[in-house]
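Colleague: Predicted structure and sequence below. I'll ask about it afterward.
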Amino acid sequence: MSTSQAASPDSSSIFTKLQHRFTSPAAERRSILFPLFLGLVALVLWIVLRVILWLDVGPGQFSTSELFTAFGLGAWFDFNTLAYILSPWLLVSALLPNRLRSSRIGHILRWSVAWFVLASLLFGVIAEFVFWQEFTTRFNFIAVDYLIYTHEVIGNIEESYPVPWIFAGIGLATTLLILTCRKFLRFSDRAYTWQQRLLLIVLTFALPFASYHAANIDQAHTNDNMYATELSGNGLFTLAAAMRRNELNYSRFYKTIPQSIADKTLASLGVMRLPLSVALSPAQKASFRPQDMHEANELGPFTRRPKNVVLITVESLSAEYLGAYGGKDNLTPNLDKIAGEGLQFDRLFATGTRTVRGLDALTIGIPPIPGQAIVHRQHNEHLATIGEFLEAQGYLTTFIYGGYGYFDNMNAYFRGNDYRVIDRTDFDDKSIASENIWGVADESLFDNTLRVLDQTASSGKPFFTQIMTTSNHRPYTFPQGRIDLPQGHRDGAVKYTDYAIGRFIEQAKAKPWFKDTLFVIVADHCASVAGKTRLPVEKYHIPLIFYAPDMLKPGHYPRMASQIDIVPTLLDLLGARGDDHFFGQPLFEAQQKPARAFISNYQELGFYKNDQLIVLSPKQQVEAFTIDPVSYEAKSTAIDPVLEQEAIAYYQTASVAYKHGNLKEHADGF
């Protein structure tokens, strides 16, 4: 061997020495196998995230026992999540040939996979923190829905956060972590016997099997503090649970009563649920009382019937933002003025926490059924929606959306239910002042809406038009120079949407169809549903304003009402047939009926009446809370059996009606 060869050992000898260094008995004693290291890193990251989320909510929201319970349960879910994360690694180890295990390529591949796995864990922690900032929950049913619409979701993230810097930071942190800990890490190079491989394969399936049967996300619901419940979860675990519970069969998972008793209960509450053929019968309107009395009840404070309706559904507009509802930040001067000149409904509650749930309520007037909103489901065409009823009676029905209507299945749903659908793809680019991933600026939506309404009114036929806004949604961008608040924040987006609505109403006043049109302004849901209770009532309080200065006296409607009551109320006001088919109450006829509201997330179903909230949950669970009528503070209480039966009757009947096709227009020959 030459001197030069001796001074320059080849790469294989270097690799051999390094391999010996990290596989010698001394090295093995001071090192740990990578699967154990992966588990430790995951646990540390999840604990740190849980501490950060606790601080974000505020330590004052937790008692000492609630805090210990949250972190104790959190550790339980974290360990059970590890059972799923480690199983693929064990399977690969069992199947990896011994020769490849000890080769240079094998080491490179395993370090590369190690880097990817650790980077994915960091990404998951950051993603969950971002999700928490938006919804104050762990990954849940909303996250499952968002996985379907990757274009909008990824675009929203790109427009809201410095994504390249985040990814660069994740990559750098992962690399530093591996370089720092590499001296203490090793991969097993031993040749595995077939018995050892069999053991690894058994563990691959046994660990997740045991976790599946030992841990259930319902175990997190140990008290009435929803913050503690959410804090105790693990994002990956709750995401998997939400995927499994995408749709929930009411009869299987919730407490039931005989359907005959449910029908009698609803009838005693004034819910007629007439068959479609009867509900649409011309004789039906006069069947219960003299027509003059019936019409007076229908019209309420209106001096005459509107010919047309424009229903403005505003994205994420909590009642608390409006000065008319007690807001102090002057975010809605135009809506406050409109409320003062119209009829303001003081205590209206949304049925859910997503746009699609609001669209369910505002089209088919149904209590929220568990799992997916009906807008999302298959076979949701030709339902007995307000659009179907009005289209059958000569109205031109239209749905106008500022975004791309394939999102949340909106286009398919409305087209399948006799609406003409117009979305972002139908707008002339020259008419768009600005746009983001969710859609065009609200002023551009309303400018295009005015053109559609002019065209529709020129036919001479009455029209029903529903508009869905987008600007009050992250990333909260809008045209410059419109308001005195910056972009990128919720307050600015609320004030801009208020500006756009005020501008739209002022422009509509110059139209010949304005004096015969009722404008209905309502939110799809609140901006946030975070609260200490599972269903915080105050987080479902939304504004509802009827505006028709030529035919409506200004005033307030103080009685509690539900979002599902809007559909039958509008049918009544228009003098159209069909209001008695719905679960909701025509509000100007309902003064002698008991006031109630329905609130829900994707699996908890709330029935709010007589200052008590009944909550129906999976596994046939029922809870009750006393609700302060002013602060909406909730306290656990004994269950009122009458209210429990009413709650079950509503939700069970609504779920059965959808499942059996009884919400279809052709269910009885319509």
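Modeller: That came through, no problem.

Colleague: Need the nearest residue in space to residue 442, chain neighbours excluded.
Modeller: Leaving out its chain neighbours, the residue that sits closest to residue 442 by C-beta to C-beta, 6 or more residues apart in numbering is residue 500, at 3.6 Å. Yep, even glycine has a C-beta here, placed from its N, CA and C like the rest.

Colleague: so how far is the strand or helix carrying that neighbour from its chain's centroid?
Modeller: Residue 500 is part of helix 490-508 when elements are defined by DSSP states H and E. Taking C-alpha atoms, centre = their mean, to the nearest Å, one finds the center of helix 490-508 at 24 Å from the center of the full chain.

Colleague: Can you report the mean pLDDT over the residues of it?
Modeller: Helix 490-508 comes out with an average pLDDT of 97.

Colleague: what's the next helix or strand after it packed up against?
Modeller: Sequence order places strand 517-523 as the next helix or strand after helix 490-508, per DSSP H and E. Packing contacts for strand 517-523, counted by 3 or more C-beta pairs under 8 Å, 6 or more residues apart in numbering; DSSP states H and E, involve strand 308-314, helix 490-508, strand 541-547, helix 566-574.

Colleague: Relative to residue 175, tell me which of these wins on proximity.
Modeller: Closest to residue 175 of the helices and strands packed on strand 517-523, according to C-beta to C-beta: helix 490-508, at 35.9 Å.

Colleague: ok, and for that closest one, which residues are buried?
Modeller: Across helix 490-508, burial judged by 16 or more other C-beta atoms under 10 Å covers 490, 492-505, 508.

Colleague: Which parts of the stretch 251-400 of the chain are strands?
Modeller: In the stretch 251-400 of the chain, the strands defined using DSSP state E, counting those that start in this stretch lie at 308-314, 343-349, 396-401.

Colleague: I'd like the average pLDDT over the last one.
Modeller: The reference is to strand 396-401. pLDDT averaged over strand 396-401 gives 97.

Colleague: which other residues reach that strand?
Modeller: Taking contacts as C-beta atoms under 8 Å, 6 or more residues apart in numbering, the residues outside strand 396-401 that touch it are 387, 390-391, 405, 410-411, 414, 418-424, 439, 445, 448-449, 452, 456, 459, 461-468, 470.

Colleague: The helix holding residue 500 packs against which elements?
Modeller: Counting contacts by 3+ C-beta pairs under 8 Å, 6+ apart, helix 490-508 is packed against strand 308-314, helix 333-341, helix 442-457, strand 517-523.

Colleague: Can you redo those as a markdown table, where the extra columns are mean pLDDT?
Modeller: A markdown table is the format used below for those (pLDDT from 0 to 100):
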| stretch | mean pLDDT |
| --- | --- |
| strand 308-314 | 98 |
| helix 333-341 | 98 |
| helix 442-457 | 97 |
| strand 517-523 | 98 |
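
Colleague: could these go into a markdown table alongside mean neighbour count and distance to residue 197?
Modeller: A markdown table is the format used below for the helices and strands packed on helix 490-508 (neighbours: other C-beta atoms under 10 Å; distance: least, C-beta to C-beta, whole Å):
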| stretch | mean neighbour count | distance to residue 197 |
| --- | --- | --- |
| strand 308-314 | 24 | 59 |
| helix 333-341 | 19 | 68 |
| helix 442-457 | 20 | 61 |
| strand 517-523 | 24 | 58 |
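
Colleague: so can I have CSV of these showing distance to residue 113?
Modeller: Shown next, in CSV, are the helices and strands packed on helix 490-508 (distance: least, C-beta to C-beta, whole Å):
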stretch, distance to residue 113
strand 308-314, 47
helix 333-341, 54
helix 442-457, 47
strand 517-523, 47
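
Colleague: Do you have the helices of the stretch 251-400 of the chain handy? List them.
Modeller: Taking DSSP state H, counting those that start in this stretch as the criterion, the stretch 251-400 of the chain carries its helices at 259-268, 276-279, 291-299, 333-341, 355-364, 386-392.

Colleague: Flag the shaky bits of the stretch 551-670 of the chain, pLDDT-wise.
Modeller: Low-confidence segments of the stretch 551-670 of the chain, defined by pLDDT under 70, are located at 590-592, 665-670.

Colleague: Residue ranges of each domain in this structure, please.
Modeller: Annotated domains of the chain cover 10-244, 252-659 [automatic domain parsing].

Colleague: how far does the last one stretch from start to finish?
Modeller: Looking at domain 252-659, the gap from its leading to its trailing residue is 13 Å under the measure C-alpha to C-alpha, to the nearest Å.

Colleague: Could you give the separation of it from the chain centroid?
Modeller: Its chain's C-alpha centre and that of domain 252-659 lie 16 Å apart, by C-alpha atoms, centre = their mean.

Colleague: try the shortest one
Modeller: A distance of 26 Å separates the centroid of the chain from that of domain 10-244, by C-alpha atoms, centre = their mean.

Colleague: Now that domain: average pLDDT?
Modeller: So the average pLDDT for domain 10-244 ends up being 77.

Colleague: Show me the helices in the stretch 101-250 of the chain, by range?
Modeller: Going by DSSP H, counting those that start in this stretch, the stretch 101-250 of the chain shows helices at 104-135, 141-148, 150-160, 163-181, 194-214, 226-232, 235-244, 250-253.

Colleague: Compare those helices and give me the one nearest residue 537.
Modeller: Proximity to residue 537 (C-beta to C-beta) singles out helix 226-232 among the helices of the stretch 101-250 of the chain, at 12.3 Å.

Colleague: elements contacting the closest one?
Modeller: Applying 3+ C-beta pairs under 8 Å, 6+ apart, one finds that helix 226-232 contacts helix 34-57, helix 64-95.

Colleague: Enumerate the positions of the longest one that are buried.
Modeller: So that's helix 64-95. Going by neighbour count (16+ other C-beta under 10 Å), the buried part of helix 64-95 is 66-67, 69-71, 73-83, 85-87, 89-90, 93-94.

Colleague: just stretch 556-569 next, same as before
Modeller: Neighbour-count burial for stretch 556-569 flags 557, 559-569 (criterion: 16+ other C-beta under 10 Å).

Colleague: And for residue 554, nearest residue in space, chain neighbours not counted?
Modeller: Counting by C-beta to C-beta, 6+ apart, residue 341 is the residue found nearest to residue 554 once chain neighbours are left out, at 5.5 Å.

Colleague: Contact partners for the one you found?
Modeller: Contact analysis of residue 341 by C-beta under 8 Å, 6+ apart lists 547, 549, 554.
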